[in-house]
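Enquirer: okay, here's the prediction I keep looking at, along with the sequence it came from:
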Amino acid sequence: MKTPRLLFAGTNSGCGKTTVTCAVLQALVNRGLRVGAFKCGPDYIDPMFHSQIIGAKSGNLDLFFFSENTLRYLLAKNAQDCHVSIIEGVMGYYDGMGLTSTKASSYEVAKATDSPVVLIVDGKGVSLSVIATIKGFLTLFPDHHICGVILNRSTASTYQALRQTIEEHFGGRVKPLGFLPAMDACSLESRHLGLVTAAEVDDLREKMQALARQAEKTLDIDGLLALSEMAPPLAYVPVSVPQQTEQIRIAVARDRAFCFYYEDSLELLHEMGAALLPFSPLEDPCLPENIHGLYLGGGYPELYARQLSENTAMRRALRQALQRGLPCIAECGGFMYLTEEIAGFPMVGYLPGNSFDTGKLSRFGYVTLTAREDNMLAHAGESIPAHEFHHWDTTDNGDTFTAEKITGRQWDCVVANSHLYAGFPHFHFYANPNFATNFYRACEKEKKRHD
């Protein structure tokens, strides 16, 4: 399948990958092109910015979660009918799991998808040293896929001088594709889990348009499009979606407090036959009517603890629904919401324990979840790749699953039973579609129980 695409890789975190990606996405949309957007790794927040710009979902491409075939399938599926797709890298280009591995890195995604790579280099405070940086990335691995370079936070005079040097030094193997100057007015605020979410940026549209205008002036957009056309067709075997006989209704918490979802994961449930009904634990007094399942995603409930607590009608409705046995997935922030308190504010109270701020990342990174006993999502011994990324913790994290890092470190986690998964680990249904099937079947049972 012909899929024009580029992967924007960074030399390191903080070099400007998201800024450059958003600038290019908005410029392409302004040209009237149909654009696909993707993020390497398990990040939730950057795809929100992508989606706000392109007006469609942004997918995650993660080689810890997916096989190479599944990753290529999701890329092709979501890039269908797009003129071009932009894949934003994660961390530094070669940075993978652990300090000395490329596993699940942007580089591994580039190899698996055979995508041309544009290296984003922070141009602030450097000149000729940029050449050494580029050379290092080209020589570490021979199959680097790097075809172009963009300087971020550079000046016009510096870029003009370095452009010719880049062309001469690398003999055309790496094409200089422009620069972006420092644009403080377009900077995006950060917090403990990364950038603030797109919905929290009041002037996001203005910032993105300013970036796009600058991109048209100082980036070689035509050159980027030409480079994307060099990507070879994607080869993959379609991933079959298990079709279910019953149509079900799943309520999905979606507001400022609960917004961390993998869109492909939700879409898998939809393709199986589920109607996904958004609701707001912040604003709504009750759950959607006639639901057979519930999904409480991650997010920032700690920032809205008072408002969540004051919505006593919703807290009561959720507690009663769960006490009746409504099938529910509650990941990270959703899990915290089901406990007794967040920072002293009363929550749903369906689960024992309180949620508190640790002041640092807790149990951060990729894990493999293995069920210790049968539950709604899995039989004992079954596993799924997952990810933890949180500063907050609870006094009772459950023990239905064991989480294990590649270092061998293990811990018990997750409160789960025949109708519940509640814990800090996030997972993606495409990492093990059997988990989606089991959740769907639990919802089918709930529907039949009330028919």
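Expert: Done, it's in.
Enquirer: switch to C-alpha atoms for all contacts and neighbour counts from now on
Expert: Fine.
Enquirer: residue ranges in the stretch 201-350 of the chain under the pLDDT threshold?
Expert: Low-confidence segments of the stretch 201-350 of the chain (pLDDT under 70): 201-202.
Enquirer: so where do the strands sit in it?
Expert: 248-253, 258-260, 274-279, 293-296, 298-299, 328-331, 341-342, 345-346 (DSSP state E, counting those that start in this stretch).
Enquirer: of those, which approaches G16 most closely?
Expert: Of all the strands of the stretch 201-350 of the chain, strand 258-260 sits nearest to G16, with 22.3 Å by CA to CA.
Enquirer: for that closest one, packing partners?
Expert: strand 298-299 (3 or more CA pairs under 8 Å, 6 or more residues apart in numbering; DSSP states H and E).
Enquirer: just checking: what are the partner strands of the strand it packs on?
Expert: strand 258-260 (antiparallel) (DSSP bridges).
Enquirer: who touches the strand it pairs with?
Expert: 44-45, 253, 296-301, 333-334 (CA atoms under 8 Å, 6 or more residues apart in numbering).
Enquirer: make TSV out of those residues and add neighbour count and distance to F427.
Expert: Putting those into TSV (neighbours: other CA atoms under 10 Å; distance: CA to CA, whole Å) gives the following:
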residue	neighbour count	distance to F427
Y44	22	12
I45	19	16
A253	26	16
L296	26	13
G297	23	10
G298	27	11
G299	24	14
Y300	22	18
P301	23	19
G333	26	13
G334	25	13
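Enquirer: Throw these into JSON lines and include distance to V367, thanks.
Expert: Below are these laid out as JSON lines (distance: CA to CA, whole Å):
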{"residue": "Y44", "distance to V367": "17"}
{"residue": "I45", "distance to V367": "20"}
{"residue": "A253", "distance to V367": "25"}
{"residue": "L296", "distance to V367": "20"}
{"residue": "G297", "distance to V367": "18"}
{"residue": "G298", "distance to V367": "17"}
{"residue": "G299", "distance to V367": "19"}
{"residue": "Y300", "distance to V367": "22"}
{"residue": "P301", "distance to V367": "23"}
{"residue": "G333", "distance to V367": "18"}
{"residue": "G334", "distance to V367": "19"}
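Enquirer: can you pull the contacts of the nearest residue to D143 once chain neighbours are set aside?
Expert: Sequence neighbours aside, K111 is the residue nearest to D143 in space, at 7.8 Å (criterion: CA to CA, 6 or more residues apart in numbering). Taking CA under 8 Å, 6+ apart, we find K111 in contact with 143-145.
Enquirer: quick one: the strands in the stretch 51-200 of the chain, in order.
Expert: 59-61, 84-92, 117-122, 146-152, 175-180, 190-191, 194-195.
Enquirer: run a quick neighbour tally on E168.
Expert: Neighbours of E168 under the rule other CA atoms under 10 Å: 12.
Enquirer: for stretch 243-258, list the C-alpha coordinates in CSV.
Expert: What follows is stretch 243-258 as a C-alpha-only set of coordinates in CSV (Å, rounded to 0.1, in the frame of the first residue of the first chain):
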residue,chain,number,x,y,z
GLN,A,243,-16.9,-9.7,15.4
GLN,A,244,-19.4,-10.1,18.2
THR,A,245,-23.1,-11.1,17.9
GLU,A,246,-24.5,-8.5,20.3
GLN,A,247,-24.3,-4.8,20.0
ILE,A,248,-23.4,-3.2,23.3
ARG,A,249,-23.2,0.3,24.8
ILE,A,250,-20.0,1.4,26.7
ALA,A,251,-19.8,4.7,28.6
VAL,A,252,-16.4,6.3,28.2
ALA,A,253,-15.3,9.1,30.5
ARG,A,254,-14.1,12.0,28.4
ASP,A,255,-13.4,15.5,29.8
ARG,A,256,-10.4,17.5,31.2
ALA,A,257,-9.9,15.0,34.1
PHE,A,258,-10.1,11.8,32.0
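Enquirer: quick check: most distant residue from the centroid of this structure.
Expert: Residue farthest from the centre of the chain, counting by CA atoms, centre = their mean, is E168 at 38.1 Å.
Enquirer: quick one: contacts for that one?
Expert: Going by CA under 8 Å, 6+ apart, the list of residues near E168 is empty.
Enquirer: with Q410 instead?
Expert: 402-404.
Enquirer: in helices only, show me these.
Expert: Counting by DSSP state H, no part of those is found in helices.
Enquirer: and these as a markdown table, adding pLDDT?
Expert: Below are these laid out as a markdown table (pLDDT from 0 to 100):
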| residue | pLDDT |
| --- | --- |
| T402 | 98 |
| A403 | 97 |
| E404 | 97 |
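Enquirer: longest strand anywhere in this structure?
Expert: strand 354-371 (DSSP state E).
Enquirer: then that one to PDB, C-alphas only?
Expert: What follows is strand 354-371, C-alpha atoms only, in PDB (Å, rounded to 0.1, in the frame of the first residue of the first chain):
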ATOM      1  CA  ASN A 354      -6.600   6.800  49.300                       C
ATOM      2  CA  SER A 355      -4.700   8.500  46.500                       C
ATOM      3  CA  PHE A 356      -1.700  10.700  47.300                       C
ATOM      4  CA  ASP A 357       1.100  12.600  45.600                       C
ATOM      5  CA  THR A 358       4.500  10.900  45.800                       C
ATOM      6  CA  GLY A 359       6.300  13.900  44.300                       C
ATOM      7  CA  LYS A 360       8.100  11.800  41.700                       C
ATOM      8  CA  LEU A 361       7.500   9.300  39.000                       C
ATOM      9  CA  SER A 362       6.300   6.000  40.500                       C
ATOM     10  CA  ARG A 363       7.000   2.600  38.900                       C
ATOM     11  CA  PHE A 364       7.600   4.400  35.600                       C
ATOM     12  CA  GLY A 365       7.900   2.600  32.300                       C
ATOM     13  CA  TYR A 366       7.000  -0.400  30.200                       C
ATOM     14  CA  VAL A 367       5.800  -3.600  32.000                       C
ATOM     15  CA  THR A 368       4.300  -6.900  31.200                       C
ATOM     16  CA  LEU A 369       1.100  -7.600  33.100                       C
ATOM     17  CA  THR A 370       0.400 -11.300  33.900                       C
ATOM     18  CA  ALA A 371      -2.800 -12.400  35.500                       C
END
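Enquirer: paired strands for that strand, with orientation please.
Expert: Counting by DSSP bridges, strand 354-371 is paired with strand 341-342 (parallel), strand 383-394 (antiparallel), strand 401-404 (antiparallel).
Enquirer: just the CA trace of the following helix or strand past the last one, in CSV.
Expert: Proceeding N to C from strand 401-404, the next assigned helix or strand is strand 410-413, under DSSP states H and E. Only the C-alpha atoms of strand 410-413 are listed here, as CSV (Å, rounded to 0.1, in the frame of the first residue of the first chain):
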residue,chain,number,x,y,z
GLN,A,410,8.2,-7.3,39.8
TRP,A,411,5.3,-6.0,41.9
ASP,A,412,1.7,-7.0,42.4
CYS,A,413,-1.0,-4.6,41.1
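Enquirer: and strand 410-413, what's buried?
Expert: 412-413 (16 or more other CA atoms under 10 Å).
Enquirer: now that strand: mean pLDDT?
Expert: What strand 410-413 shows for mean pLDDT is 96.
Enquirer: quick one: strands adjacent to the helix or strand just after that strand?
Expert: Using DSSP H and E, the helix or strand that follows strand 410-413 in sequence is strand 415-417. Counting by DSSP bridges, the strands paired with strand 415-417 are strand 420-423 (antiparallel).
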